[in-house]
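In: Next comes the sequence, and after it the predicted model I'd like to discuss.
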Protein chains: 2
Amino acid sequence: MTGAPRRKKYLGAVDLGGSKILSVIAEGDGRRVGEDRRSTSAEEGPELVLERVVDSLETALANAGLQQGDLAAVGICSPGPCDIEAGVICSAPNLPGWRDVPICRYVEERLDVVTRLENDANAAAVGEHVYGAGRGCRHLIYFTVSTGIGGGFIIDERLYRGATGVAGELGHMTIDPRGPVCGCGNQGCLEALASGTAIAARGEELVAQGGSALLAELAQEQGKLTAATVAQAAGQGDMACRGIIRRAGYYLGIGFASYVNIFNPQIIIIGGGLVKVGDLLLAPARAEMEARAMPEALEAVQMKLAELGDYAGAMGMVALLREGMAA
Amino acid sequence: MTGAPRRKKYLGAVDLGGSKILSVIAEGDGRRVGEDRRSTSAEEGPELVLERVVDSLETALANAGLQQGDLAAVGICSPGPCDIEAGVICSAPNLPGWRDVPICRYVEERLDVVTRLENDANAAAVGEHVYGAGRGCRHLIYFTVSTGIGGGFIIDERLYRGATGVAGELGHMTIDPRGPVCGCGNQGCLEALASGTAIAARGEELVAQGGSALLAELAQEQGKLTAATVAQAAGQGDMACRGIIRRAGYYLGIGFASYVNIFNPQIIIIGGGLVKVGDLLLAPARAEMEARAMPEALEAVQMKLAELGDYAGAMGMVALLREGMAA
């Protein structure tokens, strides 16, 4: 005699970013069956954002024709340092006012389902490894190049977290000891030279020097000057803006070469919003990597673009939940 | 009925360096029972050096009151890239004329015992992990700072070799993109800024500029100018030489900070001949690391001096042989 058939269980994953929340409902094999996207509205503070995370998961469930009891587990990834054992977001540069927020406990109480937390760049590395550009690779490095530069290592097919869970600060390798001051306080980090923030800062300097009438005009039209503005001006042929982006690519390539020499990875996967800029950024990065890396390590590595777009973090959480349930 | 009692088996390990050969005979628990040291005399070419490796092992055995049949396995470590699967030294910067030398096959044929090969810096990392300053640590980085700068990673208590076995080129992280040309062809590697070779090169420049009468005099007396000469002049109070060594320490610290941010290790172990220079080199290294590394990773890491001296490589081979026999 067998009991009533058990209902199929699904996994819920949330990528909680500074500007948007993406929730995904997936089957055990990673197939997505529902999702929800909404603005984070981080300025409203942690409590309302936590509420919104739960609403987003519930909406994603409803979109899949499911309900709360169908969830086997929830995974959340967020920017900045977090205590994954305790399920607490310690701080988050893009979530003002977030300090030691016990997000897992909140979601567990609201949805009555075990909830797990991970840093978003680490989660994206896992997502690309399991479902994206790194499928089948044993050792890989994932870079996300957007407002900041982060990433994660997959070593022996597993996420490497370091001694206290803060490994993988790939953007905080010093590239030029006398370079610009970084958000972390150091000088000349990769992030301070090649991130979206760095590109925007060089654009601001260019405008201040009267170096690009086009960039000044676009910035005025848009009411802001971001890396996208610099890329737009570069796309319209502005030589100084093209130079800024090529320069960021040059620094990226210096960083890639060091990572290749140190880690001897099979692939380097590059994701994040700045990848859309394309070859103007990536061709000098590749050229500089090839010029600087040691031949033995260089011949072993492939450079690939990320495949999962903004699903990488959420799909990484799906993979980590599966792994956790298998363990 | 049982057969005749089996004799106790011992492990043989050889650290084959550019200037000296060190052979060690150890018990399974790592206790050393015999050893032999002799000059490599690398200028005589691979065949005579291979002969000398075997002689050295036989002498170490005899010194322990043992004979060939008492060896369970032999491990050899050597500088430069090697194919550990095939047991072939691909090339070795300090062993002129060495190109694809099948050292394991040679020793196996001569001593009738299974023989294993590893890169010397990797072996030293394992040695310090199992028997030295890194005992009990899960994640550590070992640096050897001498003529060159190398090292190895222990991740999850195991040596990390990378996708094709060439990981751990810790000296070939770019520290200053416009810095001096490195032996590897890149510009501004840690090795080109902080190794013994780099210190000697800065010393040569200083003498050429007439910047230190003392250093010029010492170099003339000794018939050569090495990092040790610069350290000696620094020890006698020469301010320009003290500046050269402090500068190397500054660059070391920049590298350490990047490794701390990337890897979040429990400890950084520093070995190699230059460690003897002491605080003149290590104090600025520590200060720069502390100024540049991210607080979360910095508070997790300890900086320790290596404990095994020049036994690190050989003892690492003992540990790897044990691990291989257990597997």
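Out: Received the coordinates, thanks. Numbering: from 1, shown residues only, chains lettered A, B, ... in the order given.
In: Need the mean per-residue confidence for whatever helix or strand A:G12 lives in.
Out: Assigned by DSSP states H and E, A:G12 belongs to strand A:10-16. On average, the pLDDT along strand A:10-16 is 97.
In: Direction included, what does it pair up with?
Out: Strand pairing for strand A:10-16, determined by DSSP bridges: strand A:20-26 (antiparallel), strand A:71-78 (parallel).
In: How about the residue of the stretch 201-327 of chain A at minimum distance from chain B: what's its closest non-neighbour residue?
Out: At 2.6 Å from chain B, A:N264 is the closest residue in the stretch 201-327 of chain A, using CB to the nearest CB. All C-beta atoms are positioned from the backbone trio N, CA, C, and that covers glycine. The shortest distance from A:N264 to any residue other than its chain neighbours is 2.6 Å, reached at B:G162 (CB to CB, 6 or more residues apart in numbering or on different chains).
In: which residue is nearest the middle of chain A?
Out: For chain A, A:A121 is the residue whose C-alpha lies nearest the centre (CA atoms, centre = their mean; 4.1 Å).
In: Residues of the stretch 201-327 of chain A that sit close to chain B?
Out: Residues of the stretch 201-327 of chain A lying near chain B by CB under 8 Å from any CB of the partner chain: A:251, A:254-255, A:257-258, A:261-266, A:291-294, A:296-297, A:300-301.
In: Now do the contacts for the residue of the stretch 101-250 of chain A found nearest chain B.
Out: Distance from chain B to each residue of the stretch 101-250 of chain A (CB to the nearest CB) is smallest for A:G162, at 2.6 Å. Going by CB atoms under 8 Å, 6 or more residues apart in numbering or on different chains, A:G162 touches A:168, B:139, B:263-265, B:297, B:300.
In: hmm, 10 Å instead?
Out: By CB atoms under 10 Å, 6 or more residues apart in numbering or on different chains, A:G162 lies in contact with A:153, A:168-169, B:138-139, B:155, B:260-266, B:296-297, B:300-301.
In: which residues touch the lowest-mean-pLDDT helix or strand in chain A?
Out: Least confident helix or strand of chain A, by mean pLDDT, DSSP states H and E, is strand A:82-83 with a mean of 88. Contact with strand A:82-83 is made by A:76, A:88-92, A:98, A:100-104, A:117-120, A:122, A:164-166, as judged by CB under 10 Å, 6+ apart.
In: mind listing the strands in the stretch 1-150 of chain A by residue range?
Out: For the stretch 1-150 of chain A, strands defined by DSSP state E, counting those that start in this stretch occupy the ranges A:10-16, A:20-26, A:32-39, A:71-78, A:82-83, A:88-91, A:99-101, A:115-119, A:140-145, A:149-155.
In: got JSON lines for those, with mean neighbour count too?
Out: Output for the strands of the stretch 1-150 of chain A, formatted as JSON lines (neighbours: other CB atoms under 10 Å in any protein chain shown):
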{"stretch": "strand A:10-16", "mean neighbour count": "28"}
{"stretch": "strand A:20-26", "mean neighbour count": "24"}
{"stretch": "strand A:32-39", "mean neighbour count": "16"}
{"stretch": "strand A:71-78", "mean neighbour count": "24"}
{"stretch": "strand A:82-83", "mean neighbour count": "22"}
{"stretch": "strand A:88-91", "mean neighbour count": "18"}
{"stretch": "strand A:99-101", "mean neighbour count": "15"}
{"stretch": "strand A:115-119", "mean neighbour count": "24"}
{"stretch": "strand A:140-145", "mean neighbour count": "29"}
{"stretch": "strand A:149-155", "mean neighbour count": "26"}
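In: could you redo those strands as TSV and give each row distance to A:Q236?
Out: Converted to TSV, the strands of the stretch 1-150 of chain A look like this (distance: least, CB to CB, whole Å):
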stretch	distance to A:Q236
strand A:10-16	32
strand A:20-26	28
strand A:32-39	30
strand A:71-78	36
strand A:82-83	40
strand A:88-91	39
strand A:99-101	42
strand A:115-119	37
strand A:140-145	22
strand A:149-155	26
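In: Residues of the stretch 1-150 of chain A that sit close to chain B?
Out: For the stretch 1-150 of chain A, the residues in contact with chain B (CB under 10 Å from any CB of the partner chain) are A:81, A:90-91, A:137-141.
In: Surely A:S146 is in contact with A:A200?
Out: No. Counting by CB atoms under 10 Å, A:S146 stays clear of A:A200, with 11.6 Å between them.
In: out of those two, which sits in the busier spot?
Out: Ranked by neighbour count (other CB atoms under 10 Å in any protein chain shown), A:S146 and A:A200 place A:A200 first, with 20 against 17.
In: A:G75 versus A:V53, what's the distance?
Out: Distance of A:V53 to A:G75, computed by CB to CB, to the nearest Å: 12 Å.
In: what do those two both touch?
Out: Shared contacts of A:V53 and A:G75, defined by CB under 10 Å, 6+ apart, comprise A:14, A:107.
In: which residue ranges form the helices in the stretch 151-300 of chain A?
Out: Taking DSSP state H, counting those that start in this stretch, the helices of the stretch 151-300 of chain A run over residues A:190-194, A:196-208, A:213-222, A:227-235, A:239-263, A:279-292, A:295-298.
In: same question for the second one, mean pLDDT?
Out: Summarised as a single mean, pLDDT over helix A:196-208 is 97.
In: and it, how far out from the chain's middle?
Out: Mean-position distance between helix A:196-208 and its chain equals 22 Å (CA atoms, centre = their mean, to the nearest Å).
In: From the contact counts, what lies against that helix?
Out: In terms of contacts (3 or more CB pairs under 10 Å, 6 or more residues apart in numbering or on different chains; DSSP states H and E), helix A:196-208 is packed against strand A:149-155, helix A:190-194, helix A:213-222, helix A:227-235, helix A:239-263.
In: Please repeat the previous calculation with a cut-off of 6 Å.
Out: helix A:213-222, helix A:227-235, helix A:239-263 (3 or more CB pairs under 6 Å, 6 or more residues apart in numbering or on different chains; DSSP states H and E).
In: now do the longest one
Out: The criterion is 3+ CB pairs under 6 Å, 6+ apart, and the helices and strands that helix A:239-263 contacts are helix A:190-194, helix A:196-208, helix A:227-235, helix A:279-292.
In: Many thanks, I have nothing further to ask.
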